[in-house]
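[1] Mind folding the following:
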Amino acid sequence: MSVAIVDYAAGNRTSVQNALRFLGADYTVASEPAALLASDRVIFPGVGEARAAMDDLARRGMDDALRQVSAEGRPVLGICIGAQVLLRHSAERDTTCLGLVPGRVVGFPRPRPGDGMKVPHMGWNQVRQDRGHALFDGIPDDSSFYFVHSFYPEPADRSLVLGTTEYGVRFASVYAAGNLAAVQFHAEKSGRHGLRLLANFLAWDGA
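    The predicted structure follows:
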């Protein structure tokens, strides 16, 4: 089984590579469409900004390659910005995204004086498992994962939401649509539970 890590103008490839190396996975860093199309499954890592990410993907034809991988039913995992650009549109610089999952990306409300909230949402927070999925195998409900983000996904179909997190609002922190799965947190920086989620993705058949 081969895993392609999407290489684009921003991202967090090194931490994902380290996590996959720890798990003993066979991976490649894909900067061209051919590498994506030759893989059995794809991880789209996070860190960055929606417009810059989409511009870079489009410039190298990686956007269409991701659409083809998705259409062929291969498992795809989006992490942070990767979870966001799987949707149709992001409020971050009014960006048209990949459109693989109906929905939008919205920003956290502006913090109010004295409410203790800061944007970006940064640090450890719990994920409530709203429904079962192979990604959660062996991970206790309300486990904590590491977040760094100012925007979050809103799938149009709420039945796609697997897990939610509270930070001023309750938002979708995990969702899945067919062979596509996405987490708003950084699984690769989330200790043993994050590693378990990545291992679960590697074993997942995408169904």
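[2] which residues in this structure form helices?
    Assigned by DSSP state H, the chain shows helices spanning 13-22, 33-37, 50-59, 62-71, 81-85, 191-203.
[3] Nearest to residue 173, out of the ones you listed?
    Residue 173 sits nearest to helix 81-85 of all those, at 8.7 Å, using C-beta to C-beta. (Each C-beta comes from the backbone N, C-alpha and C, glycine too.)
[4] Average pLDDT for the closest one, rounded please.
    Mean pLDDT, helix 81-85: 96.
[5] Could you give the separation of it from the chain centroid?
    Once both centres are worked out by C-alpha atoms, centre = their mean, to the nearest Å, helix 81-85 turns out to sit 5 Å from its chain's centre.
[6] And the contacts of that helix?
    Here helix 81-85 makes contact (C-beta atoms under 8 Å, 6 or more residues apart in numbering) with 6, 10-11, 43-50, 53-54, 57, 78, 90, 92, 95, 97-98, 105, 151-153, 175, 182-184.
[7] got it, and stretch 111-129?
    Contacts of stretch 111-129 (C-beta under 8 Å, 6+ apart): 107-108, 110, 136, 139, 141-150, 162-168, 173-174, 185.
[8] Among these, which ones are in strands?
    Among those, the members found in strands (DSSP state E) are 107, 143-149, 162-167, 173-174.
[9] Which members of the residues you listed are classed as buried?
    Buried members of the ones in strands among the contacts of stretch 111-129, scored by 16 or more other C-beta atoms under 10 Å, are 143-149, 162-165, 167, 173-174.
[10] In this structure, where is pLDDT below threshold?
    9-11, 114 (pLDDT under 70).
[11] re earlier: next, format the helices of the chain as a markdown table and append distance to residue 1.
    A markdown table is the format used below for the helices of the chain (distance: least, C-beta to C-beta, whole Å):
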| stretch | distance to residue 1 |
| --- | --- |
| helix 13-22 | 11 |
| helix 33-37 | 15 |
| helix 50-59 | 24 |
| helix 62-71 | 14 |
| helix 81-85 | 20 |
| helix 191-203 | 7 |
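[12] Could you pull up the residues touching residue 143?
    126-127, 193.
[13] How many residues are close by the nearest residue to residue 93 once chain neighbours are set aside?
    Nearest non-adjacent residue to residue 93, counting by C-beta to C-beta, 6 or more residues apart in numbering: residue 51, 4.1 Å away. Using other C-beta atoms under 10 Å, residue 51 has 16 other residues around it.
[14] Residue 51 is in contact with residue 89, isn't it?
    No: in this structure residue 51 lies outside contact range of residue 89 using C-beta atoms under 8 Å: 11.4 Å.
[15] shared neighbours of the two, anything?
    Common neighbours of residue 51 and residue 89 (C-beta under 8 Å, 6+ apart) are residue 95.
[16] hang on, the earlier thing: got a winner among the contacts of residue 143 for most neighbours?
    Busiest of the contacts of residue 143 [other C-beta under 10 Å] is residue 127, holding 26 neighbours.
[17] need the contact list for the nearest residue to residue 60 once chain neighbours are set aside.
    Residue nearest to residue 60 in three dimensions, not counting chain neighbours: residue 32, with 6.6 Å by C-beta to C-beta, 6+ apart. Going by C-beta under 8 Å, 6+ apart, residue 32 touches 60-62.
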